[in-house]
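Colleague: After the sequence you'll find the predicted model.
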Amino acid sequence: MNKNVLAYELIGIVFIVILGSILHFTFELSGNNQIVALFSAVNESVWEHLKLGFWPALLYAIIEYRKLKSMDNFLFAKAVGIYLIPISIVILFYSYTAFIEGNLAIDILIFIVAVIIGQMISYKILNTRKMPNLLKKVSLIALIVLSAMFLIFTFYPPKLPLFVDPISGKYGL
């Protein structure tokens, strides 16, 4: 089963990176559709770019569930992996931009590395001993909370640096 699980997680890396890359452009291509805005980057803020990893990873986890639902740690593994993608992006992005000016190639590489981190940690958790059932409930709540934050903050972002579009100086839509 481990080889199959690894294969699913590796396929997930490709899926998330490709779909996330597409989502960078879908809001503009949709004519600024408000529904598309919920799942796509609506500006160049760091927060909006975190959606590009989150939503595809969540979608892939839902797809993957059909094959791996029998694994005891599935929900916990996916929640941790999905959370690690935006956390990794924020840490890596602000770490390098503290020393040098932002660079598109580095930003893309950070996105890919963050997805790899999320998927590989998910794989490791999937292959550990069974964890307490309480983690399933906590994981589901954590995913719902993060989903709600991405949806709400698209339209009502906090006035924090993470949410500001560096090009326009605006927040959200």
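Modeller: Sure, I can see it. This structure is a prediction, so every number in the text was calculated from the model and none was measured. Numbering: from 1, shown residues only.
Colleague: tell me the contacts of the residue nearest to I125 when sequence neighbours are not counted?
Modeller: Distances taken as Cβ to Cβ, 6 or more residues apart in numbering place A77 nearest to I125, at 3.7 Å, with adjacent residues excluded. C-beta: built from backbone N, CA, C; applies to glycine. When contacts are counted by Cβ atoms under 8 Å, 6 or more residues apart in numbering, A77 touches 71, 121-123, 125-126.
Colleague: Please enumerate the helices of the chain.
Modeller: 2-29, 34-37, 46-68, 74-97, 104-126, 134-155 (DSSP state H).
Colleague: Average pLDDT for the longest one, rounded please.
Modeller: Right, helix 2-29. Confidence for helix 2-29, expressed as mean pLDDT, is 94.
Colleague: From A37, how far off is V80?
Modeller: Counting by Cβ to Cβ, to the nearest Å, the gap between V80 and A37 amounts to 27 Å.
Colleague: What of G31?
Modeller: Using Cβ to Cβ, G31 is found at 11 Å from A37.
Colleague: follow-up on the earlier one: select, out of the helices of the chain, the one closest to P161.
Modeller: Distance to P161, taken as Cβ to Cβ, is lowest for helix 46-68 among those, at 8.1 Å.
Colleague: Give me the angle between that closest one and helix 104-126.
Modeller: 30 degrees (axes from the mean of the first three to the mean of the last three Cα atoms, to 10 degrees).
Colleague: Which other helices and strands does helix 46-68 contact?
Modeller: helix 2-29, helix 74-97, helix 104-126, helix 134-155 (3 or more Cβ pairs under 8 Å, 6 or more residues apart in numbering; DSSP states H and E).
Colleague: quick revisit: quick one: which of G31 and A37 has more around it?
Modeller: Using other Cβ atoms under 10 Å, the more surrounded residue of G31 and A37 is A37, with 21 against 7.
Colleague: surely that one meets L173?
Modeller: Yes - A37 is within contact range of L173, at 6.3 Å (criterion: Cβ atoms under 8 Å).
Colleague: okay, and the common contacts of these two?
Modeller: 154-155.
Colleague: State the number of residues packed around P166.
Modeller: Neighbours of P166 (other Cβ under 10 Å): 11.
Colleague: ok, the closest residue to Y65 other than its chain neighbours - contacts?
Modeller: Closest residue in space to Y65, ignoring its immediate chain neighbours: F74 at 6.7 Å, by Cβ to Cβ, 6+ apart. Contacts for F74 were tallied using Cβ under 8 Å, 6+ apart; they are 65, 68, 126.
Colleague: Could you find the lowest-pLDDT member of those?
Modeller: Scanning the contacts of F74 for pLDDT, the smallest score is found at L68, 89.
Colleague: Might one say that that residue is in contact with N127?
Modeller: No - the pair L68 / N127 is not scored as a contact, 11.1 Å apart, by Cβ under 8 Å.
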